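# just need the structure, nothing else, for what follows:
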Amino acid sequence: MAFFLETLMGGLMAGMLYSLVALGFVLIFKASGVFNFAQGAMVLFAALAMARFSEWIPQYLGLDNPVLSNLLAFFIAGAIMFAVAWVIERLVLRHLVNQEGTTLLMATLGIAYFMEGVGQGLFGNDIYQINIGMPKDPVLVLESVFEGGVLINKEDLIAAGIAAALVAALTLFFQKTSTGRALRAVADDHQAAQSIGIPLNRIWVIVWCVAGLVALVAGMIWGSKLGVQFTLATVALRALPVIILGGLTSVPGAIIGGLIIGVGEKLSEVYIGPMVGGGIEIWFSYVLALVFLLFRPQGLFGEKIIDRV
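Residues are numbered from 1 along each chain as shown. So this is what the prediction gives:
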């Protein structure tokens, strides 16, 4: 039972990180109807900025305090992601209002390749570490309940807590603020929102800024665990089954879908993997997403697809 709980907790914590990446897809799709293929590149770009500035600040400013250096690097990387969002809206999205979804999709593919290339040019292409002080040691819990206790990685626990706090903050932002309500209005109907005076261009800048912030937090956590390298851009591929499962228009769906995928990957690898030679964790989420596409294409919490003829 203790081993099962360890596996379950590991899956839940991995699922929170998947949810964090999937959240960027959902936010941009809800506000603009665009499936943002650049989300993985945004995670990579933000992580590179964080990693490099956390190195450069102590080097050039002579700061010995790692906490202060990381805070400054975080704010600088956040400002860069906000600037990226403004440039994307100004140079790309503004000229594609009311265009076909395919056109917008191709635009995000171009943005993805551009950001990967610019990131490599500005920050280098080596493997970098992000040390934000998260403990790497495991901790034993529930020793009085199970013999030997349940082993949990502190870093995974803190990362899951950060992801959960960010998700809760974004939920409050969308539900309780006037800007959040405007975002939801734009998500429902672009033209109707424009007709009542909601500035579509400003809303798109805000939602890309929020997605950039989410990408920065996701990049920091993934970079702290695995290092920052250009394969980090493929982390978006791990989020695709999450949004298919939870629904492309649902923030709660992104969270619950991520948890289901994370737990399913870990449990299937441990309990079913030995029967089929292992490797289930790599493809389990995609098979589950395929099943949902066949029987419930809108996902668990997505809006029902209605074909108008």
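# let's verify residue 139: helix, strand, or coil?
Under DSSP: H, G, I helix; E, B strand; the rest coil, residue 139 falls in the strand class.
# pLDDT value on it, please?
Per-residue pLDDT puts residue 139 at 74.
# just the strands in the stretch 51-200 of the chain please.
Remark: strands of the stretch 51-200 of the chain, listed N- to C-terminal, are 138-141, 150-153; assignment by DSSP state E, counting those that start in this stretch.
# tell me the most buried of these?
strand 150-153 (a mean of 18; mean count of other Cβ atoms under 10 Å). C-beta coordinates here come from the backbone N, C-alpha and C atoms, glycine included.
# which neighbours does it have in its sheet, and in what orientation?
Taking DSSP bridges as the criterion, strand 150-153 sits next to strand 138-141 (antiparallel) in its sheet.
# chain center to the partner strand: distance?
Relative to the mean C-alpha coordinate of its chain, strand 138-141 is positioned 27 Å out (Cα atoms, centre = their mean, to the nearest Å).
# next: stretch 281-297.
Its chain's C-alpha centre and that of stretch 281-297 lie 19 Å apart, by Cα atoms, centre = their mean.
# buried set for that stretch?
Of the residues in stretch 281-297, those with enough neighbours to count as buried (16 or more other Cβ atoms under 10 Å) are 281, 284, 285, 288, 289, 292.
# relative to residue 180, how far out is the closest residue to residue 236 other than its chain neighbours?
Nearest in space to residue 236, with sequence neighbours left out and distances taken as Cβ to Cβ, 6 or more residues apart in numbering, is residue 40 at 2.9 Å. Here residue 40 is placed at a distance of 25 Å from residue 180 (Cβ to Cβ, to the nearest Å).
# ok so, going back, from the buried residues of stretch 281-297, pick the one nearest residue 213.
If you rank the buried residues of stretch 281-297 by distance to residue 213 using Cβ to Cβ, residue 285 comes first, at 25.2 Å.
# and that closest one, how far is that from residue 166?
In this view, residue 285 and residue 166 are 22 Å apart by Cβ to Cβ.
# follow-up on the earlier one: between the strands of the stretch 51-200 of the chain, which one is closest to residue 204.
Between residue 204 and these, the shortest gap by Cβ to Cβ is with strand 150-153, which sits at 38.1 Å.
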